[in-house]
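# fold the following and give me the result.
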Amino acid sequence: MGNYQSQRTAVGHSMYEVPLDSLLTYIDHELNLWRDLVDNVKREKKYDHEGRTCIDDMIRETCRKMIDYENAVSNRKRLYPLLQPRDSEYSTDKLKKEGFYKTLSPEKVKDIVIQKSDEIDELRNEAKKMSDSIHILNEELKQKIKYVDDLRREKSALLQRLSKMAGEKLTRDNPDIADLSDRNRPTKLGEMFNELYDNEWTDAFEELVASGYDEREAVDTLQMTLMKVFQFCEKKASLLVKQTETAADLLFDEFSRSALQETTKNMPAGKKALTMDPKQLAEMRGGLQREGSSMEDLQMQRKWKPKIKPDGKQTYIQTKIQPRTINVEDKLKQMRKGLAESLVPSVQKAYIKTYWDNECLRAIKPFIKRCIFIAWMMVVQTPPMCFDRELQEGATFDAARYRQYTSSGHIVHFLVWPALLLYRDGPVVCKGVAQGKKK
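Numbers count the residues shown, from 1 in each chain. Below you'll find the model as predicted:
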């Protein structure tokens, strides 16, 4: 320790002659200058170029002092000039004089607070307006989306409607295009017509032959039965169309009459409600009246009976058949095509009730019922289906329309079973059967 003190004395005014407390005071002074500068910059928020310049200058000054201090220590120079306390150019007082920051009065602070409060209120109002605008835009967007969805649904419905109308227009009066949803479409009727010949026709033919008819008579009887049934269905189907509108009028008139009668009950005495003329109601009521049977119908009915009875007597007896009323009024309330199949039992019942009696052969009845079903479904098609009626005995055999019966040949001997056509003069749906001959 003594040597250390002697060295300090020998150096004279060297750095070692500076008391440590003085050195610490100097360092503390420099640190205070930095603190003042940093505090002033933060307080006034001088984060711009001016504040940055003050910091940069302070750093440069500090670096210069450290370099000078290092050189002085290395060269044993006097340190007193370096350690003289100085007023910092960045002190609070100097910065106040230079206008680095200004002290605000309470009134000024109050004005600033009020101003900032107003600005905040304005910003809040703008934010609220923006929020309201966003809400309005969202509602408009929802409405637009809903409108677009409605348009899409409407478009889909219109496209379906257009497709349906196009399909109906395409198939209306166009039998070449089949409605696959219709189980009684022409192609199916052709299959039924072919099965009728293979099954019911065969059973009826065998029983006719067994009852005394020869082969040609049995064939002609069944063919004539088919044609008469077809004419019956054709006539009644046409009449059904005419009566449909009348039946609908009757339905609404009956409803109106019931409503008027109900109203009349509650009317004061002496007053009378308007009602329909009884004659008009009588004209509207009434079903399909069967017209008088022709001689051909009576002759056809006789052919359904055995030609020879067990006692050997002939059965050609003139039978008087009283006209009977066929009541199908309830079946005429809807369109013919829609209720065609449901009307078949009534048509069958009406036909059998009119032309059938207990002496007729039992095997003929299933044949007649099946003929009625097929013929009825034929005449309600649009356009109606029909049979080929142009084939004449002695004509050239047309293999495209007919197949051979029991003998083949290029000439038609007689017709066994007519060909089924899609419409008059139209294509063949089901081939007929004819007997051929060589010459």
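
# helix, strand or coil for residue 429?
Assigned with DSSP: H, G, I helix; E, B strand; the rest coil, residue 429 falls in the strand class.

# hang on, isn't it packed against residue 418?
No - the pair formed by residue 429 and residue 418 falls short of the contact definition of Cβ atoms under 8 Å, at 11.5 Å. C-betas here are computed from N, CA, C, even on glycine.

# residue 362 against residue 210, yeah?
No - Residue 362 lies out of contact with residue 210 (Cβ under 8 Å); the separation is 11.7 Å.

# any residues in contact with both of those two?
Here residue 362 and residue 210 share no contacting residue, scored by Cβ atoms under 8 Å, 6 or more residues apart in numbering.

# which other helices and strands does whichever strand or helix holds residue 435 contact?
Secondary structure from DSSP states H and E places residue 435 in strand 432-437. The elements that strand 432-437 packs onto, with contact taken as 3 or more Cβ pairs under 8 Å, 6 or more residues apart in numbering; DSSP states H and E, are strand 402-404, strand 411-417.

# as JSON lines, those strands with mean pLDDT, mean neighbour count and distance to residue 139 would be great.
Output for the helices and strands packed on strand 432-437, formatted as JSON lines (pLDDT from 0 to 100; neighbours: other Cβ atoms under 10 Å; distance: least, Cβ to Cβ, whole Å):
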{"stretch": "strand 402-404", "mean pLDDT": "94", "mean neighbour count": "17", "distance to residue 139": "76"}
{"stretch": "strand 411-417", "mean pLDDT": "93", "mean neighbour count": "19", "distance to residue 139": "75"}
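
# can you add distance to residue 369 and give those back as a markdown table?
Below are the helices and strands packed on strand 432-437 laid out as a markdown table (distance: least, Cβ to Cβ, whole Å):
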| stretch | distance to residue 369 |
| --- | --- |
| strand 402-404 | 25 |
| strand 411-417 | 18 |
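
# give me the contacts around stretch 218-229.
Under Cβ under 8 Å, 6+ apart, the answer for stretch 218-229 is 201, 204-205, 208-209, 213, 296-297, 300, 303-304, 351, 364, 367-368, 371-372, 375, 387, 414-418.

# list only buried entries from the residues you listed.
Buried subset of the contacts of stretch 218-229 (neighbour count, 16 or more other Cβ atoms under 10 Å): 201, 204-205, 208, 213, 297, 300, 303-304, 351, 364, 367-368, 371-372, 375, 387, 414-418.

# per-residue confidence averaged over the helix or strand harbouring residue 21?
Assigned by DSSP H and E, residue 21 belongs to helix 20-44. Across helix 20-44, pLDDT averages out at 82.

# I'd like to know which helix or strand in this protein has the lowest mean pLDDT.
Here the helix or strand of the chain ranked lowest by mean pLDDT, DSSP states H and E is helix 2-11, holding a mean of 36.

# which residues does residue 436 bridge with?
Here residue 436 sits in beta bridges with residue 412, as judged by DSSP bridges.

# tell me who's in contact with it.
397, 404-405, 407-413.

# does anything pack onto the helix holding residue 21? Which helices or strands?
Using 3+ Cβ pairs under 8 Å, 6+ apart: helix 20-44 touches helix 49-75, helix 92-97.

# between those helices, which has the poorest average model confidence?
Across the helices and strands packed on helix 20-44, the lowest-scoring stretch is helix 92-97, with a mean of 56.

# can you spell out which helices and strands pack onto the longest helix along the chain?
In the chain, taking DSSP state H as the definition, the longest helix is helix 106-171. Applying 3+ Cβ pairs under 8 Å, 6+ apart, one finds that helix 106-171 contacts no other helix or strand.

# quick one, the helix holding residue 21 and helix 49-75 angle?
170 degrees (axes from the mean of the first three to the mean of the last three Cα atoms, to 10 degrees).

# okay, buried residues for helix 20-44 please.
By neighbour count on 16+ other Cβ under 10 Å, the buried set for helix 20-44 is 26, 30, 33, 36-37, 40-41.

# neighbours around residue 120, how many?
Neighbourhood size, residue 120 [other Cβ atoms under 10 Å]: 10.

# do the same with the one 3 residues further on
For residue 123, the count of nearby residues is 10 (other Cβ under 10 Å).

# list the contacts of it.
So residue 123 contacts nothing (Cβ under 8 Å, 6+ apart).

# residue 27 versus that one, what's the distance?
According to Cβ to Cβ, to the nearest Å, residue 123 and residue 27 sit 48 Å apart.

# next one: residue 398
Distance of residue 398 to residue 27, computed by Cβ to Cβ: 133 Å.

# now residue 416
138 Å.

# and the helix or strand where residue 349 lies, what does it pack onto?
Per DSSP H and E, residue 349 falls inside helix 340-355. Counting contacts by 3+ Cβ pairs under 8 Å, 6+ apart, helix 340-355 packs against helix 215-265, helix 295-302, strand 325-326, helix 364-379.

# what's the mean pLDDT across the first one?
It stands for helix 215-265. Mean predicted confidence for helix 215-265 is 77.

# equivalent analysis for the second one, please.
Summarised as a single mean, pLDDT over helix 295-302 is 65.

# what of the last one?
For helix 364-379, the mean pLDDT works out to 93.

# again with the shortest one
Per-residue confidence for strand 325-326 averages out to 41 on the pLDDT scale.

# which residues does stretch 422-434 contact?
So stretch 422-434 is contacted by 175-176, 186-187, 189-191, 193-194, 197, 381, 383-388, 391, 397, 400-405, 412-421 (Cβ under 8 Å, 6+ apart).

# let me fix that, I meant to ask about stretch 412-420.
189-190, 193, 197, 201, 216, 219-220, 223, 226-227, 378, 385, 387-389, 391-397, 401-402, 405, 407, 428-437.

# poorly predicted segments of the stretch 51-200 of the chain, please.
72-105, 109, 167-179 (pLDDT under 70).

# make it 90
Residue ranges of the stretch 51-200 of the chain with pLDDT under 90: 51-119, 121, 159-186.
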